[in-house]
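Trainee: Predicted model follows, preceded by the sequence.
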Amino acid sequence: RRSYRPTPARHFPPYLMMHSIRRLARTWVGVAIAIGMAVSTPGAAAAQAVPRDSAIFRGSDATLLGVTTAGAVLLFQRDQAITEWFRQPALQNNALLKNTMTGARLFGDPGSLAISAAMWAGGRMFHDPNTARDGQMAFEAVAVSSAITIALKAAAGRARPYADSTNAHNFAFGRGISDGAYQSFPSGHATAAFAFASAITASVARRSSRDARILGPLLYTAAALTAASRVYDHKHWASDVLLGAGIGTVGGLMTVRWHDRHP
C-alpha cells in the first residue's frame, strides 16, 4: 500500500479549498444574522413610543461591551492560530473571496462615513427627513465610536500581524500614537462598520419593526464581513475586530437613543 503523505500547500485540493471557504462564510454570516436579529428586534419594540427620559447607556450595553472585551481577552490565546488559518493559500488565492473581502473592507472605511453623508445629503435634497436623520445618526455614530477606538489604539500599542506575526501579545503602552504598525487593538474598520449597522438598524426600528428585521441582518452581515476582511488582509488579529464590533454596536445604539431624547 502507498503510504499517506500530506498534500503540499501549493497543491491544496479544490474540495478542501471550497470547504474552507464555506466554513468561513457560514461562521461569519451566522454570527452576523444572530447579532442583527438580536439588536433589531428589541429596537423594534421602541417603534411605538420612545420615552425621552430613558437612559442612553443601558445595562445591556455594559453587558455587550463586557462580553466582547472578555471574548477578546480569551481570543488572545487563539489569535495567532486564527491568523494562520486565514493565511492559507487556498483562501488567499481565491479571486472571489479576495474581491469580497476588498469590498467589505471598503464598506468599513471609507464606505460607512461616505454612505452616511450621502444619505443625509440625499434626504435633505429630496425632502426625505427619515433618510436624512438616519444618515446623520449613522455619521455621528461612526465618528464618535471611531474616536474612542483611535484613543484605545494609541494607548494599547499592539503590533499588527504584519509587524509581528509571531507574537499576538506584543503590546506597549502609548506606542500606537506615532506608528501605524502598532495600532492594531481594536479594529477601526470593524468599529465603523458595526456603528453604521447598529445606528441604521435601530433608527429604522423606530419606524418599522418589519423593515428592521430585514435590514438588520443584512447590515450586520456586511459589518461582519468587514471584520473578517481585516483578519484576512493580515492587518488585525481576531480579538481586535471582536472588540471593535462591540464598541461600534454600542456606539450606534447610544447615538440613536441620544437623538430620541434630543429630537
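Mentor: Perfect, thanks for sending it.

Trainee: Which residue lies closest in space to residue 222, excluding its sequence neighbours?
Mentor: residue 107 (5.4 Å; C-beta to C-beta, 6 or more residues apart in numbering). C-beta coordinates here come from the backbone N, C-alpha and C atoms, glycine included.

Trainee: in the stretch 151-263 of the chain, which spans are strands?
Mentor: Assigned strands in the stretch 151-263 of the chain: none (criterion: DSSP state E, counting those that start in this stretch).

Trainee: where do the helices sit along it?
Mentor: With helices called from DSSP state H, counting those that start in this stretch, the stretch 151-263 of the chain shows them at 188-205, 209-232, 238-261.

Trainee: could you check the angle helix 188-205 makes with the second one?
Mentor: It stands for helix 209-232. Relative orientation of helix 209-232 versus helix 188-205 (axes from the mean of the first three to the mean of the last three C-alpha atoms, to 10 degrees): 180 degrees.

Trainee: Please save the CA atoms from helix 209-232 in PDB.
Mentor: C-alpha atoms of helix 209-232 as PDB (Å, rounded to 0.1, in the frame of the first residue of the first chain):
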ATOM      1  CA  SER A 209     -40.200  46.700  13.100                       C
ATOM      2  CA  ARG A 210     -40.600  44.600   9.900                       C
ATOM      3  CA  ASP A 211     -38.100  46.700   7.900                       C
ATOM      4  CA  ALA A 212     -35.600  46.500  10.800                       C
ATOM      5  CA  ARG A 213     -35.900  42.700  11.000                       C
ATOM      6  CA  ILE A 214     -35.000  42.600   7.300                       C
ATOM      7  CA  LEU A 215     -32.400  45.300   7.200                       C
ATOM      8  CA  GLY A 216     -30.600  44.400  10.400                       C
ATOM      9  CA  PRO A 217     -29.200  41.000   9.400                       C
ATOM     10  CA  LEU A 218     -28.100  42.500   6.000                       C
ATOM     11  CA  LEU A 219     -26.200  45.300   7.600                       C
ATOM     12  CA  TYR A 220     -24.700  43.200  10.300                       C
ATOM     13  CA  THR A 221     -23.600  40.700   7.700                       C
ATOM     14  CA  ALA A 222     -21.800  43.400   5.800                       C
ATOM     15  CA  ALA A 223     -20.200  44.600   9.100                       C
ATOM     16  CA  ALA A 224     -19.100  41.000  10.000                       C
ATOM     17  CA  LEU A 225     -17.500  40.600   6.600                       C
ATOM     18  CA  THR A 226     -15.700  43.900   7.100                       C
ATOM     19  CA  ALA A 227     -14.300  42.500  10.400                       C
ATOM     20  CA  ALA A 228     -13.300  39.200   8.600                       C
ATOM     21  CA  SER A 229     -11.600  41.200   5.900                       C
ATOM     22  CA  ARG A 230      -9.200  42.800   8.400                       C
ATOM     23  CA  VAL A 231      -8.000  39.400   9.600                       C
ATOM     24  CA  TYR A 232      -7.900  38.100   6.000                       C
END
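
Trainee: Thank you, goodbye.
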